[in-house]
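*Asks:* can't give you the sequence, but here's the structure:
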C-alpha cells in the first residue's frame, strides 16, 4: 500500500514535471545573437544551434567557429572547440530569460572556452523576422 | 579635295585628345579606396615604370602570383612566394615572417625593395606630385599634396577593401543553405575540423591565425629560410611562418612561403605524411608528428572543401571589383 502511494506520487510528479518542462523550458535550437564592438568596430555575433547538434558561430557574416553541443535538461555540453584540447567537454547551465539565454559554468577546464562562454548572454533572434527575410 | 581627306584625320585627333582629357577627369577616384586601387595597378611606383603591385599580386589569382617567386624590376627574382592580399582585415602580422604589423607600414616596403619596385619612396612621392592626375586626386580626397603617409594610407585602404565572403562555403554556413555545397565539401570540412587537425592552426573567419608555426619546411640545408626566427632571434622560432587566410586558396598556387607545392593535392599529401617529403625537418610542430592516414577519398574531400572557399566573383573573373 505504502509503495503504491509512493509510486502514485512519483507518477503524478513526473507527469507534472514533464508538462512543466514542456511549457517553460524553451529550446536552445535556433538562432541567437549579440551586437557589440570589436577593435572599435561593430561586431555582430550570431550563434546557430542546429537540430543535428552543431553550433555555427558567425561573426560579421563569416563563420568564426563550428562546434558541437548536447542538451540535457538545463545543462549544455560543448565539445569540438579548436582552442581546447581534443575531446574536452565544457558543461554549462542554461538560464533562459524572456528573449535571451545565459551560460553559467558548471565544469570546464579549457580557459579559452570559459572566457568565451561563462556568463555569456545571447539574445533570441525572432524566428518570424528570419522567416520574413528568407529567400 | 585635300581638306576633305584631312578632315577625318583631324576629327580622329580631336576625338582622341578629347577622350584623353575626359578620361583623366572622369576616372578621378571618388574615395581613398579607389585612389589606392589606381596606385596598386600603376607602374609609376617602380623605378623602371614597368612593375606595379599588381604585377605580382595578380587580381585574377586573388592577388597572389602563379610562380614560386615573382620577378621584380630588371627581372630580379624575389626570395619568397607572393601571398594573396585579400582577407587580411583581421591579420595581426604581415609578410611570411610577420615583420610588420599593419597594412600601412607594409605598403611602402615593396616600392623601395631593390628586388621588387626599386624606387626610393621619396622619388615615388615626387613622381606623384609631378603628375597632374595624382596631384588632383590626392588633393580631392585628402585635401593635401601626395606624401608617403597618404600613399601608404590609400594603398592600405584598397587592400583592406578586398574581403571575400561570397563563396559556396559561406552560402552553406552563413546563409544556412545546405544545398550550396556538395556532400564531399561537408565531409572535407569535418575532416578539416577533426581527423586532419587543420583547424588547430587555421581557424576563424578566414581560416588564418595570429600565431607562427613550423610545419616542417625548414631543414637548414636546401630549405634554409628560417622564417620568424630571423625577426625574433629566438631559436624556438626556427622555421616558423605566418598562417595566412585559406580563402581563395584554390586560385593562389603555388603554395607555402617558398612556393614549393604546386597543387592543393600536393599540400594535402604533404600534411598527410610530412616525413615522406622532408624527413630531416628541424623543429616541426608536434601536431604533425605522425602521419594522419587520410584515404584517397578523404584527400579529395579536403581539397573540395578548400575549393569551396573560392569567391564566386573571383571565380567568374570579376577580380578587380572591390565591392564587399
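*Replies:* That came through fine. Computed from a predicted model, the values in this text were never measured in an experiment.
*Asks:* And the strands in chain B?
*Replies:* Taking DSSP state E as the test, the strands found in chain B are B:212-213, B:241-242.
*Asks:* hmm, who's touching the first one?
*Replies:* Contact partners of strand B:212-213, identified using CB atoms under 8 Å, 6 or more residues apart in numbering or on different chains, comprise B:93, B:97-98, B:201, B:227-228, B:237, B:240-243, B:285. Heads up, the C-betas are built off the backbone N, CA and C, glycines and all.
*Asks:* Who are the contact partners of the spatially most central residue of chain A?
*Replies:* What sits nearest the mean C-alpha location of chain A, by CA atoms, centre = their mean, is residue A:28, with 4.6 Å. For residue A:28, the contact set (CB under 8 Å, 6+ apart) comprises A:49, A:69, A:71, A:76, A:94, A:101.
*Asks:* thinking again about what came up before, ok, which of the strands of chain B comes nearest residue B:305?
*Replies:* Residue B:305 lies closest to strand B:212-213 among the strands of chain B, at 20.3 Å (CB to CB).
*Asks:* List phi and psi for the closest residue to residue B:136 other than its chain neighbours.
*Replies:* What sits nearest to residue B:136 in space, not counting adjacent residues and going by CB to CB, 6 or more residues apart in numbering or on different chains, is residue B:28, at 6.2 Å. Main-chain dihedrals, residue B:28, degrees, to the nearest 10: phi -60, psi 120.
*Asks:* And for residue B:28, the neighbour number?
*Replies:* 16 (other CB atoms under 10 Å in any protein chain shown).
*Asks:* OK, contacts around the closest residue to chain A within the stretch 201-324 of chain B?
*Replies:* Nearest residue of the stretch 201-324 of chain B to chain A: residue B:205, at 3.9 Å (CB to the nearest CB). Residue B:205 makes contact with A:59-60, A:62-64, B:90, according to CB under 8 Å, 6+ apart.
*Asks:* How about it: what's its closest non-neighbour residue?
*Replies:* Nearest residue to residue B:205, sequence neighbours excluded (CB to CB, 6+ apart): residue A:62, at 3.9 Å.
*Asks:* next one: residue A:110
*Replies:* Leaving aside its sequence neighbours, residue A:110 sits nearest to residue A:84 (CB to CB, 6+ apart; 3.5 Å).
*Asks:* Same question for residue B:207.
*Replies:* In space, and not counting its chain neighbours, residue B:207 is closest to residue B:246: 3.8 Å by CB to CB, 6+ apart.
*Asks:* The one you found and residue B:204 touch, don't they?
*Replies:* No. When contacts are counted by CB atoms under 8 Å, residue B:246 is not listed as touching residue B:204 (10.5 Å).
*Asks:* of the two, who's got more company?
*Replies:* residue B:246 (21 against 17).
*Asks:* any idea of the pLDDT on residue B:112?
*Replies:* Residue B:112 carries a pLDDT score of 97 in this model.
*Asks:* again, but for residue A:85
*Replies:* pLDDT, residue A:85: 87.
*Asks:* and it, how many neighbours does it have?
*Replies:* Going by other CB under 10 Å, the residues that sit close to residue A:85 add up to 8.
*Asks:* before we move on, which element is it in?
*Replies:* Here residue A:85 sits in a region with no helix or strand, counting by DSSP states H and E.
*Asks:* OK, contacts around it?
*Replies:* Neighbours of residue A:85 in contact, by CB under 8 Å, 6+ apart: residue A:110.
*Asks:* Please report the distance of it from residue A:110.
*Replies:* According to CB to CB, to the nearest Å, residue A:85 and residue A:110 sit 7 Å apart.
*Asks:* Next, give phi and psi for the residue nearest the centre of chain B.
*Replies:* Residue closest to the mean C-alpha point of chain B, counted by CA atoms, centre = their mean, is residue B:84 at 1.6 Å. Main-chain dihedrals, residue B:84, degrees, to the nearest 10: phi -70, psi 150.
*Asks:* Test my guess that it contacts residue B:246.
*Replies:* No. With contact defined as CB under 8 Å, residue B:84 does not count as touching residue B:246 (9.9 Å).
*Asks:* what ranges of chain A fall below the confidence cut-off?
*Replies:* Scanning chain A for pLDDT under 70 picks out A:1-25, A:127-135.
*Asks:* Please, where are all the strands along it?
*Replies:* A:30-38, A:41-49, A:54-59, A:62-72, A:75-79, A:90-96, A:100-107, A:120-124.
*Asks:* The fourth one pairs with which strands, and in what direction?
*Replies:* According to DSSP bridges, the neighbouring strands of strand A:62-72, each with its direction, are strand A:54-59 (antiparallel), strand A:75-79 (antiparallel).
*Asks:* Over to the second one?
*Replies:* Strand A:41-49 has the following strand partners under DSSP bridges: strand A:30-38 (antiparallel), strand A:54-59 (antiparallel).
*Asks:* Out of the ones you listed, which is the most enclosed?
*Replies:* strand A:54-59 (a mean of 18; mean count of other CB atoms under 10 Å in any protein chain shown).
*Asks:* quick one: contacts of that strand?
*Replies:* A:38, A:43-50, A:63-69, A:78, B:173-174, B:205.
*Asks:* so how far is that strand from its chain's centroid?
*Replies:* For strand A:54-59, the gap between its own C-alpha mean and the chain's C-alpha mean amounts to 12 Å (CA atoms, centre = their mean, to the nearest Å).
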